[in-house]
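*Asks:* A structural model of the following input is requested.
(chains A and B)
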Protein chains: 2
Amino acid sequence: MQKPSLPKGTRDFSPEIMVRRNFIFSTIEKVFQLYGYLPIETPALENLSSLLGKYGEEGDKLLFKVLNSGNFLSNIKSEDLQPDNTGKLSLKICEKGLRYDLTVPFARYVVQNRNDITFPFKRYQIQPVWRADRPQKGRYREFYQCDVDIIGSTSLLNETELIQIIDEVFHKLDIRVQTKINNRKILTGIAEVIGEPEKFIDMTIALDKIEKMGTDEALNELKSKGFSQEALDKLRPFIELKGNIQEKVKALNILLKESNTGKEGIREIERLFLLLSELNLSSDVIWDVPLARGLDYYTGTIIEVIAVEVQIGSVCAGGRYDDLAGVFGMPEISGVGVSFGADRIFDVMNQMNLFPLDTVQKTQILFINFGDKEEMYILPLLSRIRNAGICAELYPDHVKLKKQMAFADQRNIPYVALIGENEMSSGIITLRNMNTGEQKNVNIEELIGEFTT
Amino acid sequence: MQKPSLPKGTRDFSPEIMVRRNFIFSTIEKVFQLYGYLPIETPALENLSSLLGKYGEEGDKLLFKVLNSGNFLSNIKSEDLQPDNTGKLSLKICEKGLRYDLTVPFARYVVQNRNDITFPFKRYQIQPVWRADRPQKGRYREFYQCDVDIIGSTSLLNETELIQIIDEVFHKLDIRVQTKINNRKILTGIAEVIGEPEKFIDMTIALDKIEKMGTDEALNELKSKGFSQEALDKLRPFIELKGNIQEKVKALNILLKESNTGKEGIREIERLFLLLSELNLSSDVIWDVPLARGLDYYTGTIIEVIAVEVQIGSVCAGGRYDDLAGVFGMPEISGVGVSFGADRIFDVMNQMNLFPLDTVQKTQILFINFGDKEEMYILPLLSRIRNAGICAELYPDHVKLKKQMAFADQRNIPYVALIGENEMSSGIITLRNMNTGEQKNVNIEELIGEFTT
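*Replies:* Model (predicted):
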């Protein structure tokens, strides 16, 4: 006998949880569809060659690798079988891995199907992803993402639309959010003007940590990575930049005047806010200059959405990537997208009590089972009731009435139908309201009428 | 640059395919719900210890194993690193695997959550499963199953209900099917009376092959497995059994008179057909005495559904299992369930042209993009249109009108809205019907009216 358990960081979803999760998924999906996005799905298994090198060094380590079937050691030399060589060895005994996000599989999909796709291509995708991360509160090894992307258009209207979608989804879910945006070109510009263009990635990683650890700590980290004091002194004003959009634009145009890329980023942000001003958004969109979003593939606008009333990290995030399809052989096709984190959204809604009053229970009537003869009598009645679209059940076993009533109670089934010898001979059904205890006699037509009008 | 590809046996689903698959899933799901089944989901990743030994020796080999993260060789002795020892080694370097079906994870779920579950528990589950099988036409390494099970009741009403569900699902999908049933107790009885109770599994494997290879070939296979000629001579009448239910019951009661288990199986089949006779099923249910269903865990009724008009193997199958939860520490809780094969159902419907006339396209109106000023003007209009529940899009780039019209054409968007300088100054919209080429001028209220009435 074995005690059953689940791999850490994974979860079962009970019927009660499923109903709530489906409410989130269907709300998100309806908004995606309203904006003209089309669904696709890609397999959980991808070739590791499609995944490796797309998520930075850390990401590569977090990929779940799937052991080759059959004799996976057949082409391995004995010198490869060293415990200090597991990184390389793992790639020789594993060709496949579990997808890490939905963006890279989407880029692969687009390149593979480019001849059948009408560009600009707007797709959504709602599927689980896997990461061999250390599990902790709100962080799982298997979790769902809900992605929405447009590929094949560089227009900032796409960013505008995504921010609109974010606004509409969270408005519908009744979650108060703040959307932070920035542009990686501005970050590139900053790295240039502070004289550390080579250490761009170190800089973005540190910037992402400012909110958690504070500015001084983040700058110290950069010092330890070899940033000069002069560079750090030049970086500080960017982090501490205050003011409204116009004021920030003005200040940055001066600070970044030596960087063409940086100025391009400013122009994009300015235009994006102009487009957004035409919309009547119900949530705030702010410009967060230190916002960096660690993923290597972002090249333009970056977006991060946080819940205002619950501290849980971002509930949605994304950005523009100019070169993602390039690694698969289709260069210069720009895309932009965001990913909604269903698990965190679930946690926020749970904590804030935002789920509508739902009941898992859809069964309206439970027929009590008094024995062989009665169940034969009930079967055709049950068919008629279900044909009328009413969800009904017959208790399958001949057990005591008390036990069957307790079952109806626990399952929150609102009505119980009793058919014994008397009822069979007179063609009536005793219908009991489980909430009030009231009972009445009805025939089958009356019973169907009760539940369909 | 790398050429993108997918692992063999896996597939992408395009928007066109997704719509059709979702039609199948939602049809199945609605029937499950009508009969009072509740949804659950379990993770793709399970501990290998939960999966191994549940699907027979062959099944164990077909499990996809996931490499442990970090230094997976740290506890491996060098003598284990032998190419001829990969079976054992794989279990030392992999703790987790991908689920192979939905039944075993369900059994694990039930045992783990037994204190929160009201029994009998009726659940459905629609998720992908993975098998390292040799891919071929209609057989994939990653595919969806739609499972429906009742656990905690031995009543044959459950089998009756599942057969009713099968009938209703395929009726709704417009697929003509035949449902074959049998009972593993009868097979146990047969193995007993032919004198080969120890070789029960060999016998069931051979019986399952009769349809493909014929009776003689199947019996020859058993001969090579060590069945005596006397046993084979006794087995043949079971395979060649003819007649209606009553005739088969009569014949088997004689043939199996020495086996109590066998006679119990006959009684169950007889009662099941009696219950089914109360229902007005639209498809045939037949008793196929050699039907065996290879899975080790079945103990009672077995069910297999084939499409009548397309040769593709079974489109749905299942059976009763008395001991499945026992291996997880919860003995004597009987369950019964069937699994619908969404991929084969898809193939049948495609081949028979059974999908309703669907259009992926939900977008009703494409707004042409003439430039910066126009897009700013259109954005708030678009919000009003979408708020009215109409799916509409604005072309994101400033490209030639011809290209934008071609886009609307390829995407099958029925209406195009044109707003240039004139339209902006007069507050009208030129609305073009893409099918007829007809154009008319409307204001925004009239446009919304057109699409909501």
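*Asks:* which residues of the stretch 51-200 of chain A fall in strands?
*Replies:* A:65-67, A:94-98, A:121-130, A:142-151, A:177-183 (DSSP state E, counting those that start in this stretch).
*Asks:* and the fourth one, does that touch chain B?
*Replies:* Yes - using CB under 8 Å from any CB of the partner chain, strand A:142-151 comes into contact with chain B via A:Glu142, A:Ile150. C-betas here are computed from N, CA, C, even on glycine.
*Asks:* so what strands line up beside that strand?
*Replies:* strand A:121-130 (antiparallel), strand A:335-341 (antiparallel) (DSSP bridges).
*Asks:* keeping just the C-alphas, turn that strand into CSV.
*Replies:* Taking Å, rounded to 0.1, in the frame of the first residue of the first chain, the C-alpha atoms of strand A:142-151 are listed here in CSV:
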residue,chain,number,x,y,z
GLU,A,142,2.4,23.8,-12.8
PHE,A,143,0.1,26.7,-13.4
TYR,A,144,-2.1,28.3,-16.0
GLN,A,145,-1.3,31.3,-18.2
CYS,A,146,-3.8,33.2,-20.3
ASP,A,147,-1.9,34.8,-23.1
VAL,A,148,-3.0,37.3,-25.7
ASP,A,149,-0.7,38.5,-28.4
ILE,A,150,-0.6,40.3,-31.8
ILE,A,151,2.2,39.5,-34.1
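*Asks:* model confidence over it, on average?
*Replies:* The average of the pLDDT scores along strand A:142-151 is 97.
*Asks:* the second one now?
*Replies:* Confidence for strand A:94-98, expressed as mean pLDDT, is 96.
*Asks:* what packs against that strand?
*Replies:* When contacts are defined as 3 or more CB pairs under 8 Å, 6 or more residues apart in numbering or on different chains; DSSP states H and E, strand A:94-98 packs onto strand A:45-47, helix A:48-51, strand A:65-67.
*Asks:* what angle sits between it and strand A:142-151?
*Replies:* Interaxial angle of strand A:94-98 relative to strand A:142-151 (axes from the mean of the first three to the mean of the last three CA atoms, to 10 degrees): 90 degrees.
*Asks:* the longest helix in chain A is where?
*Replies:* Ranked by residue count under DSSP state H, the longest helix found in chain A is helix A:15-34.
*Asks:* run through chain A and note the low-pLDDT ranges.
*Replies:* A:1-2, A:83, A:295, A:358-361 (pLDDT under 70).
*Asks:* dump the residue contacts of the residue nearest the centre of it.
*Replies:* In chain A, the centroid-proximal residue (CA atoms, centre = their mean) is A:Gln145; its distance is 2.6 Å. With contacts defined as CB atoms under 8 Å, 6 or more residues apart in numbering or on different chains, A:Gln145 is in contact with A:Asp101, A:Leu102, A:Gln125, A:Ile126, A:Gln127, A:Pro128, A:Val129, A:Ser339, A:Phe340, A:Gly341, A:Ala342.
*Asks:* chain B versus that one, what's the distance?
*Replies:* Using CB to the nearest CB, to the nearest Å, A:Gln145 is found at 14 Å from chain B.
*Asks:* re earlier: okay, the strands paired with strand A:142-151 in CSV with distance to B:Lys180 next?
*Replies:* What follows is those, written out as CSV (distance: least, CB to CB, whole Å):
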stretch, distance to B:Lys180
strand A:121-130, 35
strand A:335-341, 45
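*Asks:* mean neighbour count, those: which tops it?
*Replies:* strand A:335-341 (a mean of 25; mean count of other CB atoms under 10 Å in any protein chain shown).
*Asks:* could you point out which element follows that one?
*Replies:* Counting by DSSP states H and E, the next helix or strand C-terminal to strand A:335-341 is helix A:342-352.
*Asks:* could you list every helix and strand in contact with that following helix?
*Replies:* Packed on helix A:342-352, when contacts are counted by 3+ CB pairs under 8 Å, 6+ apart, are helix A:15-34, strand A:142-151, strand A:314-321.
*Asks:* possible to save the ones you listed as TSV with distance to B:Leu235?
*Replies:* Formatted as TSV, these follow (distance: least, CB to CB, whole Å):
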stretch	distance to B:Leu235
helix A:15-34	45
strand A:142-151	47
strand A:314-321	63
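*Asks:* near chain B, which residues of the stretch 351-453 of chain A? Just list them.
*Replies:* A:360, A:362-363, A:369, A:375-376, A:379-380, A:383, A:386, A:389, A:391-394, A:396-398, A:407, A:410-411.
*Asks:* now restrict the residues you listed to buried residues only.
*Replies:* A:360, A:363, A:369, A:375, A:379, A:383, A:386, A:391-394, A:396-397, A:407, A:411 (16 or more other CB atoms under 10 Å in any protein chain shown).
*Asks:* just the residues of the stretch 351-453 of chain A next to chain B: which are in helices?
*Replies:* Those of these lying in helices (DSSP H): A:Glu375, A:Met376, A:Leu379, A:Pro380, A:Ser383, A:Arg386, A:Phe407, A:Gln410.
*Asks:* out of those, who's nearest A:Ser228?
*Replies:* Nearest to A:Ser228 among these: A:Gln410, at 68.6 Å, using CB to CB.
*Asks:* what sits against the closest one?
*Replies:* B:Thr118.
*Asks:* for A:Gln112, see how far away it is.
*Replies:* 50 Å (CB to CB, to the nearest Å).
*Asks:* picking up where we left off before, so which of the contacts of A:Gln145 comes closest to A:Val285?
*Replies:* Once CB to CB is applied, the member of those that ends up nearest A:Val285 is A:Phe340, at 16.5 Å.
*Asks:* so that closest one touches A:Leu162, yeah?
*Replies:* No - the pair A:Phe340 / A:Leu162 is not scored as a contact, 10.8 Å apart, by CB atoms under 8 Å.
*Asks:* not counting sequence-adjacent ones, nearest residue to A:Gly243?
*Replies:* A:Ala251 (7.0 Å; CB to CB, 6 or more residues apart in numbering or on different chains).
*Asks:* burial count for that neighbour?
*Replies:* 17 (other CB atoms under 10 Å in any protein chain shown).
*Asks:* return the distance of it relative to A:Lys242.
*Replies:* A:Ala251 is 9 Å from A:Lys242, by CB to CB.
*Asks:* next: A:Phe72.
*Replies:* 58 Å.
*Asks:* between the two, who's got more neighbours?
*Replies:* A:Phe72 (20 against 8).
*Asks:* isn't the more buried one right up against B:Cys94?
*Replies:* No - assessed by CB under 8 Å, A:Phe72 is found out of contact with B:Cys94, at 10.2 Å.
*Asks:* wait, what's in contact with A:Leu235?
*Replies:* If you count contacts by CB under 8 Å, 6+ apart, then A:Leu235 has A:Ile190, A:Ile194, A:Met203, A:Leu219, A:Leu222, A:Phe227 around it.
*Asks:* let me fix that: A:Asp323
*Replies:* Neighbour list for A:Asp323: A:Tyr297, A:Thr299, A:Pro331 [criterion: CB under 8 Å, 6+ apart].
*Asks:* how about A:Phe451: what's its closest non-neighbour residue?
*Replies:* Leaving out its chain neighbours, A:Phe451 is closest to A:Ile390 (CB to CB, 6+ apart), at 4.6 Å.
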